[in-house]
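# Sequence first, predicted model second:
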Amino acid sequence: MAATSLLSSCCMHMGTAPPKMAANYLSSQPFDHLKLRSFGGPESSEKLKLLHKGDEFLCRVAQVERVPSFSVGQKFQLDYVIEAQQFDRDTLGAIFEVARNMENIERSQILKGYLMATLFYEPSTRTRLSFESAMKRLGGEVLTTENAREFSSAAKGETLEDTIRTVEGYSDIIVMRHFESGAAKRAAVTAGIPVINAGDGPGEHPTQALLDVYTIEREIGKLDGIKVGLVGDLANGRTVRSLAYLLAKYKDVKIYFVSPEVVKMKDDIKYYLTSKGVEWEESGDLMEVASKCDVVYQTRIQKERFGERFDLYEEARGKYIVNQDVLNVMQKHAVVMHPLPRLDEITVDVDDDPRAAYFRQAKNGLYIRMALLKVLLLGW
Amino acid sequence: MAATSLLSSCCMHMGTAPPKMAANYLSSQPFDHLKLRSFGGPESSEKLKLLHKGDEFLCRVAQVERVPSFSVGQKFQLDYVIEAQQFDRDTLGAIFEVARNMENIERSQILKGYLMATLFYEPSTRTRLSFESAMKRLGGEVLTTENAREFSSAAKGETLEDTIRTVEGYSDIIVMRHFESGAAKRAAVTAGIPVINAGDGPGEHPTQALLDVYTIEREIGKLDGIKVGLVGDLANGRTVRSLAYLLAKYKDVKIYFVSPEVVKMKDDIKYYLTSKGVEWEESGDLMEVASKCDVVYQTRIQKERFGERFDLYEEARGKYIVNQDVLNVMQKHAVVMHPLPRLDEITVDVDDDPRAAYFRQAKNGLYIRMALLKVLLLGW
Amino acid sequence: MAATSLLSSCCMHMGTAPPKMAANYLSSQPFDHLKLRSFGGPESSEKLKLLHKGDEFLCRVAQVERVPSFSVGQKFQLDYVIEAQQFDRDTLGAIFEVARNMENIERSQILKGYLMATLFYEPSTRTRLSFESAMKRLGGEVLTTENAREFSSAAKGETLEDTIRTVEGYSDIIVMRHFESGAAKRAAVTAGIPVINAGDGPGEHPTQALLDVYTIEREIGKLDGIKVGLVGDLANGRTVRSLAYLLAKYKDVKIYFVSPEVVKMKDDIKYYLTSKGVEWEESGDLMEVASKCDVVYQTRIQKERFGERFDLYEEARGKYIVNQDVLNVMQKHAVVMHPLPRLDEITVDVDDDPRAAYFRQAKNGLYIRMALLKVLLLGW
């Protein structure tokens, strides 16, 4: 991939602001004993040794000059993908740039001979297939474990750390899904190879957040100044929470929360947005919000969260449906998004409208994951 | 693969009769909104546009001249494999011709970079392995879901159609096993990529039917004029039903039904055969039938169909066993077939007889599936 | 791989003793009807026909001259891996030699186009991943069945033999895990392709035994004259039993058994060692043994073996822990090994000591399996 071809979509996000160190966020996190790895070329490893003297952190950055565009060798060092918040807008822009290039790749062999282990402690077929497709589209190979619990504490009492130390001997990168919040970080700290968090319990699902933001940029053409309506179950959906965090990295963003009373967005996100200068408001009027927004981001009301209160569930799920009426008030350039699976919160007749972006959004997950695999295994 | 090398085994079936349009069958089926796809070369797509003006159908055929052999570019267009009945004898002949070529391929790279998703809503290890082996023998890659129910309605209420729209973004062809009759057709209508039915509930299992007919032709050397004894559970076995449908496409076929009273062949098949001019008879004398037939097609008596009537099951299962005595009356050129798995309806000592064709039959499943994958992904 | 590059590490074990026929062991085993396969070149198959006149055995050996080193074409013929005892020390040396070469291979394509079926009748993620990684590191492909019971008798009553006859049609080599002792041998007798036993119930797990011995040689630099302490559950652990069998093939070996009273090493192994002239003793003093040994081989106390006697389990599991105190008395060159998974029988702080060899041991499993796949599919 020529360096020049990588530069097109990125500059927009870079502006003239000095690139923030991607490592800032992470170096303040409680990583107890981090590992350093050697790098591709002798030059870059020398540079990086200097950077690391005295301060250990897992996500490293090569010295980036104050220029409006990247070139190979000057990009951020990315060693793992653990949570959406680890990315600043410059890193996001750089990843999106690579993803954009991936859209043109039918089949490639750049990862030929590389092995990805999908270590899934709970099943998530959609996410797993997306990662495995991404790896194979790039010529790489996959070791699949859909049933990793058998591997672990649940079965014989082995620690996650011991499992990781074994699996890293068999593969070049680990994609992990776990039922416990924080498991991905523990794995990343242990492993001598890159780890990607494919969802850890109620915690994070960073590649979903990345593909959501990437989709907004691809569909609307910008992220600064965007107006997004988050609709549905805002209390329990981790995707809308992660999305709110990421949108806060852009300028002049406006967020509308549209949800039944029982599943309103929690205060922590509201405080966070306010602290970052992001405008937000709550609304009970989906039609009005839809008419103003660039993005209507619908989510599924999760029945399992309501316990025995079926009445509340039924009330909540029927309240905000995206249908032809909603499409009718939406602007021509606006889109409907959804993390999938959907039940009836978007009616099937919406699918045929070009503004229905949710299947394109799912496909974008493939490009984002191809990009991450490429960057983690080969560098920028 | 040179066009000339493909022509050997096919002519036999073509005769001088005008090739029937493979699309006839399907255009009369209730496909509501069919998709048209673009084709390989610019020439063929032009031709096909003309063909499609005003009438939409999923399985298309390029204009075939009244010549005794095919050449590349003049073959049937095959876009999916949904049910045995979709194939006419010319299409069958063309598929068998490709399968025949596959027998000589140890390892190939013609499908390098292509991705097949095996979307199995119920487990069927044998069928799945056969498809995955076929894909990998041709250099292709596989995304496996043995546990697709988790993906779907059973788990979170997603429709099959939504699942298909997601999976088609990750792969180039879908092989689906489902527990509901008709599911494969719904998937094929939705998908923008080819779908192969690997069994949908009590419905169809077309690749099994194809491999059965292919095996008869490979073993006996002909299909017209063939004498086949269908033995065992004829009421519940979908393989013998599909086989009867397919055999009706050939001339001067004679079918013998040999089964315990409680699992006799149903009337619909008998009426169908009669309507197609196929001679059939029921017999209680396996020895006599075996002495006349080219093929003794044995099947397993399915215990689960008898509920609590263990007495009837025991009576049925012991009644018609293929053993050395049966072999002794069979003709030298005749063969024993079985869709597998077998219990004791064929005794183990039969295995060593060269006329025991059932393991070769299983292997033929590999060649048929290689052929279908090749044709669906690359054309003829 | 050049023949010359294979010869380095082997000569040490060969000495000047005449190589024993690897087939000796197996020809005395109850293989009822063995299959002979054709070999690579016309020359070798001629040679082998002569060898086989009148005597059938599955593991064959080409005539080996009394020379201190091997060359291609003079090595042992290896057709399957069923039990640790099938290998004599010369064969072990030859396998270790190939494994040693595998350590230098990042990615290879020598097995490109070859298909391995992992037929697992009970789950064992660690073992399966190790084999699949080995196959893919060498460029081969994998058909995975984690759930092979569905395939078989448990589900519909098919025999293992019938399953094997089907699967051998889809693949080039079978790696099988089974819940019944002896299943692997049955599979090997049936299959026309190589079979590797990946554990059959309480029976054998030969690749674990091979990697254990390989690790000792890699870590300590020798096998003759080695002092090994086997610690923990010696009654139920098949790894320590197999290891004892294999160590008996080397000279001047001394084995210490250190275990709680309830899980002592059984008499059959003790008799066997004595009959082979291997010195052994039981000891209750882990510290003293650790100070003398080259290898402290720790194992997990298996809770499930104690039934309701939790008191005995608790007493047993706490008795012999490898911790810093044990490390302190161990010699500098000595190592700690463990088949994994471990619970708390080795404390986590031991991990950082360079003498903690258990994760390297797990990695060696990869090299051993790469070596076996290479030899079984391509020859030496």
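Right, received. Where do you want to start?
# Just give me the neighbour total for the nearest residue to residue A:78 once chain neighbours are set aside.
Across the structure, with Cβ to Cβ, 6 or more residues apart in numbering or on different chains as the measure, the residue nearest residue A:78 apart from its sequence neighbours is residue A:375 (5.3 Å). In short, each C-beta sits where N, CA and C put it, glycine included. The burial count assigned to residue A:375 is 22, neighbours taken as other Cβ atoms under 10 Å in any protein chain shown.
# gap between residue A:375 and chain B?
Distance check for residue A:375 against chain B: by Cβ to the nearest Cβ, to the nearest Å, it reads 20 Å.
# again, but for residue A:302
Using Cβ to the nearest Cβ, one gets 9 Å for the distance from residue A:302 to chain B.
# Could you check the pLDDT of that residue?
Taken from the predicted model, the pLDDT recorded for residue A:302 is 83.
# neighbours of it, just the number please.
The local packing count at residue A:302 equals 17, with neighbours defined by other Cβ under 10 Å.
# Over in the stretch 151-300 of chain A, which residue gets nearest chain B? Let me know.
At 7.6 Å from chain B, residue A:300 is the closest residue in the stretch 151-300 of chain A, using Cβ to the nearest Cβ.
# who's in contact with that residue?
Shown here is residue A:300, whose contacts under the criterion Cβ atoms under 8 Å, 6 or more residues apart in numbering or on different chains are A:232, A:233, A:237, A:338, A:339, A:341, A:342, A:343, A:345, B:156.
# what distance separates the helix or strand hosting the residue nearest to residue A:78 from the centre of its chain?
Residue A:375 is located in helix A:358-378, with elements delineated by DSSP states H and E. Taking Cα atoms, centre = their mean, to the nearest Å, one finds helix A:358-378 lying 10 Å from the centre of the chain it belongs to.
# What of stretch A:258-270?
21 Å.
# can you pull the buried residues of that stretch?
Taking 16 or more other Cβ atoms under 10 Å in any protein chain shown as the neighbour-count basis, stretch A:258-270 is seen to contain the buried residues A:258, A:259, A:260, A:263, A:265, A:269, A:270.
# out of the residues you listed, who's nearest residue C:363?
Ranked by distance to residue C:363 (Cβ to Cβ), the buried residues of stretch A:258-270 are led by residue A:269 at 43.9 Å.
# Not counting sequence-adjacent ones, nearest residue to the residue in chain A that chain C sits nearest to?
Nearest to chain C, among the residues of chain A, is residue A:113, at 3.0 Å (Cβ to the nearest Cβ). Leaving aside its chain neighbours, residue A:113 sits nearest to residue C:107 (3.0 Å; criterion: Cβ to Cβ, 6+ apart).
# Read off the pLDDT value for the one you found.
Each residue has a pLDDT score; the one for residue C:107 is 85.
# how about it, what does it touch?
By Cβ under 8 Å, 6+ apart, the contact list for residue C:107 reads A:112, A:113, A:114, C:137, C:139.
# Go ahead and report the secondary structure state at whichever residue of the stretch 101-250 of chain A sits closest to chain B.
Nearest residue of the stretch 101-250 of chain A to chain B (Cβ to the nearest Cβ) works out as residue A:107 at 3.1 Å. Following DSSP: H, G, I helix; E, B strand; the rest coil, the label given to residue A:107 is coil.
# Kindly provide the distance from it to residue A:248.
Computed with Cβ to Cβ, to the nearest Å, the distance linking residue A:107 and residue A:248 is 37 Å.
# Kindly report the residues of the stretch 201-350 of chain A close to chain B.
Taking Cβ under 8 Å from any Cβ of the partner chain as the measure of proximity, the stretch 201-350 of chain A contacts chain B at A:300, A:340, A:341, A:342, A:343.
# swap that for the stretch 51-200 of chain A, please
Among all residues of the stretch 51-200 of chain A, those adjacent to chain B (criterion: Cβ under 8 Å from any Cβ) are A:106-107, A:123, A:125-126, A:129-130, A:132-133, A:136-137, A:139, A:144, A:146.
# Generate TSV for these, with distance to residue B:226 and secondary structure as supplementary columns.
Conversion of these to TSV gives the following (distance: Cβ to Cβ, whole Å; DSSP: H, G, I helix; E, B strand; the rest coil):
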residue	distance to residue B:226	secondary structure
A:106	44	coil
A:107	43	coil
A:123	47	coil
A:125	43	helix
A:126	47	helix
A:129	43	helix
A:130	48	helix
A:132	44	helix
A:133	44	helix
A:136	43	helix
A:137	45	helix
A:139	46	coil
A:144	43	strand
A:146	44	coil
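# Please list only the buried members of those residues.
Among these, those that count as buried by neighbour count (16+ other Cβ under 10 Å) are A:123, A:125, A:126, A:129, A:130, A:132, A:133, A:136, A:137, A:139, A:144, A:146.
# OK, contacts around the fifth one?
Going by Cβ under 8 Å, 6+ apart, residue A:130 touches A:362, A:365, A:366, A:369, B:170.
# Just want to check the distance between the closest residue to it other than its chain neighbours and residue A:210.
For residue A:130, ignoring the flanking residues on the chain, the nearest one in space by Cβ to Cβ, 6+ apart is residue A:365 at 4.9 Å. Distance from residue A:365 to residue A:210, counting by Cβ to Cβ: 9 Å.
# Would you mind telling me which of those two has more residues around it?
The residue with more neighbours, out of residue A:365 and residue A:210 and counting by other Cβ under 10 Å, is residue A:365; that gives 29 against 25.
# Chain A: strands as residue ranges?
Counting by DSSP state E, chain A forms strands over residues A:115-120, A:141-145, A:173-178, A:195-200, A:227-231, A:254-258, A:279-282, A:295-298, A:335-337, given from the N-terminal end onward.
# burial of the spatially closest residue to residue A:338 that is not a sequence neighbour, as a residue count?
If you skip the residues right next to it in sequence, residue A:338 has residue A:358 as its closest partner in space, 4.2 Å away by Cβ to Cβ, 6+ apart. The burial count assigned to residue A:358 is 24, neighbours taken as other Cβ under 10 Å.
# my read: residue A:358 touches residue A:341, true?
No. Proximity of residue A:358 to residue A:341 does not meet the contact threshold set by Cβ atoms under 8 Å, at 10.1 Å.
# Show the contacting residues for the residue nearest to residue A:338.
Applying Cβ under 8 Å, 6+ apart, we find residue A:358 in contact with A:336, A:337, A:338, A:340, A:342, A:346.
# Phi and psi next, for the closest residue to residue A:203 other than its chain neighbours.
Beyond its immediate neighbours in the sequence, the residue positioned closest to residue A:203 (Cβ to Cβ, 6+ apart) is residue A:181, lying 3.4 Å away. Summarising the backbone geometry of residue A:181 under the convention degrees, to the nearest 10, its torsions are phi -60, psi 130.
# Contacts only, for residue A:181.
In this structure, residue A:181 makes contact with A:200, A:201, A:202, A:203, A:204, judged by Cβ under 8 Å, 6+ apart.
# ok, back up a step: show me what contacts the residue nearest to residue A:78?
A:78, A:95, A:98.
# Do me a favour and get the end-to-end distance for stretch A:164-172?
Distance between the boundary residues of stretch A:164-172 (Cα to Cα, to the nearest Å) amounts to 12 Å.
# quick one: average pLDDT of it?
Throughout stretch A:164-172, pLDDT has a mean value of 96.
# Please apply the same query to stretch A:83-90.
Looking at stretch A:83-90 alone, the average pLDDT works out to 92.
# Compute the first-to-last residue distance for that stretch.
Its first and final residues considered, stretch A:83-90 spans 16 Å by Cα to Cα.
# Equivalent analysis for stretch A:198-206, please.
For stretch A:198-206, the first-to-last residue distance is 7 Å (Cα to Cα).
# I am finished for the moment; much appreciated.
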